[in-house]
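Undergrad: With the sequence up front, the predicted model follows.
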Amino acid sequence: MTIEPEVASPAVAGSPLEEVSPKPVVRRRYVRFREGVGHAVEEAVIAEIRLSILVGDQELVQLMCSPHQLNALVVGFLYLEGLIESVEDLDYLRVCLEDRVADVRLARALPELPKRKIITSGCTGGVSFGAYLTELERFRLADDDVRVRPTQVYGLLRELYNHAELYRQSGGVHTAILADPAGGILAVGEDIGRHNTLDKIQGECLLRGISSRRGVLVASGRISSEMLLKAAIMGAPIVGSRTSPTQLAVSLAERLNITVIGYIRSASMNVYTHSWRVLGA
């Protein structure tokens, strides 16, 4: 298995790459108005690219994403879409930022690449191949001994803010963290797309040999059905957010035995499903 470092070649003068930087945050000039008066400023703006994932010589998908943690994004996406079961299923992975291409070779050939795509509700129009929507029970989590205190959950919200490095630089980006039941941070994902943050977390876990099972996920964006399904495949029994879950996400969480927590604040939260995992509920 070969996973090469992400490669960024310098932009060529006069090419579109001068305007589309491979850096996750770029500085741009714009006019800021305060009380009706405009002033020219130069500050950070989050970058966005279209990354094409090639498996063999076929294009699998194009993802709108932040040019950051791209090896993890690709590995996590392939895993959560059921195309690989571990990094050992990868023979080769190389991300070239200049071409906006991730070149993947699998250790075992697939009979055919999945074709049925679902455009998800993510703010960047995420894509899922929907292989799991008809076999939900396979991903139902067994009862476990994972328990958290409300104060732990409030603390994880603070950790989410502490690890939001790109957000602090530019805004306009989502953050998610994976913690163990004791509150230790295992992995962090930052991206313009909510779903991409979970792909990056799963990819980081696979690349570093960390299990995502029994973990607690906390995200900055809303918990949608797609986010909930990814959490189920990751084996995370608790999923929280500073904002709300959707009705479908709550229904899926009931079926999949996942505790969903929304509107987490410094000293309050809403537990929508399987509250037995929260001590004192």
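TA: Happy to help now that I have it.
Undergrad: what about the helices in the protein?
TA: Taking DSSP state H as the test, the helices found in the chain are 70-80, 150-162, 165-170, 194-208, 225-234, 247-256.
Undergrad: Out of those, which gets nearest to residue 241?
TA: With distances scored as Cβ to Cβ, the stretch of the helices of the chain nearest to residue 241 is helix 225-234 (8.5 Å). No exception for glycine: its C-beta is placed from N, CA and C like everyone else's.
Undergrad: Format the helices of the chain as CSV; extra columns: mean pLDDT, distance to residue 184 and mean neighbour count.
TA: CSV is the format used below for the helices of the chain (pLDDT from 0 to 100; distance: least, Cβ to Cβ, whole Å; neighbours: other Cβ atoms under 10 Å):
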stretch, mean pLDDT, distance to residue 184, mean neighbour count
helix 70-80, 97, 19, 26
helix 150-162, 98, 10, 17
helix 165-170, 96, 19, 17
helix 194-208, 97, 13, 26
helix 225-234, 96, 17, 25
helix 247-256, 96, 24, 18
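Undergrad: Now residue 157: closest residue in space that isn't a chain neighbour?
TA: Spatially, and ignoring its direct neighbours in sequence, residue 157 is nearest to residue 264 (4.8 Å; Cβ to Cβ, 6 or more residues apart in numbering).
Undergrad: pretty sure that neighbour contacts residue 245?
TA: No. With contact defined as Cβ atoms under 8 Å, residue 264 does not count as touching residue 245 (11.5 Å).
Undergrad: Residues that sit against both of these two, list them.
TA: When Cβ atoms under 8 Å, 6 or more residues apart in numbering defines a contact, no residue borders residue 264 and residue 245 alike.
Undergrad: Who has more neighbours out of these two?
TA: Under the neighbour definition other Cβ atoms under 10 Å, residue 264 and residue 245 were set side by side, and residue 245 has more, 26 against 21.
Undergrad: okay, the spatially closest residue to that one that is not a sequence neighbour: pLDDT?
TA: Closest residue to residue 245 in three dimensions, ignoring its sequence neighbours and counting by Cβ to Cβ, 6+ apart: residue 223, at 3.9 Å. We have a pLDDT of 97 for residue 223.
Undergrad: Residue 223 and residue 246 touch, don't they?
TA: Yes. Here residue 223 lies in contact with residue 246, judged by Cβ under 8 Å, at a distance of 7.0 Å.
Undergrad: more crowded one of these two?
TA: Under the neighbour definition other Cβ under 10 Å, residue 223 and residue 246 were set side by side, and residue 223 has more, 27 against 17.
Undergrad: Distance-wise, check the more buried one relative to residue 51.
TA: Counting by Cβ to Cβ, to the nearest Å, the separation of residue 223 from residue 51 is 24 Å.
Undergrad: Equivalent analysis for residue 38, please.
TA: For residue 38 relative to residue 51 (Cβ to Cβ), the value is 35 Å.
Undergrad: same question, residue 267
TA: The value you get for residue 267 to residue 51, if Cβ to Cβ is used, is 40 Å.
Undergrad: of those two, who's got more company?
TA: Just comparing residue 267 and residue 51: by other Cβ under 10 Å the higher neighbour count belongs to residue 51, 23 against 8.
Undergrad: Find the nearest non-adjacent residue to that one, please.
TA: residue 63 (4.9 Å).
Undergrad: Just to check, that neighbour is in contact with residue 50?
TA: Yes. Taking contacts as Cβ under 8 Å, residue 63 lies within contact range of residue 50: 7.3 Å.
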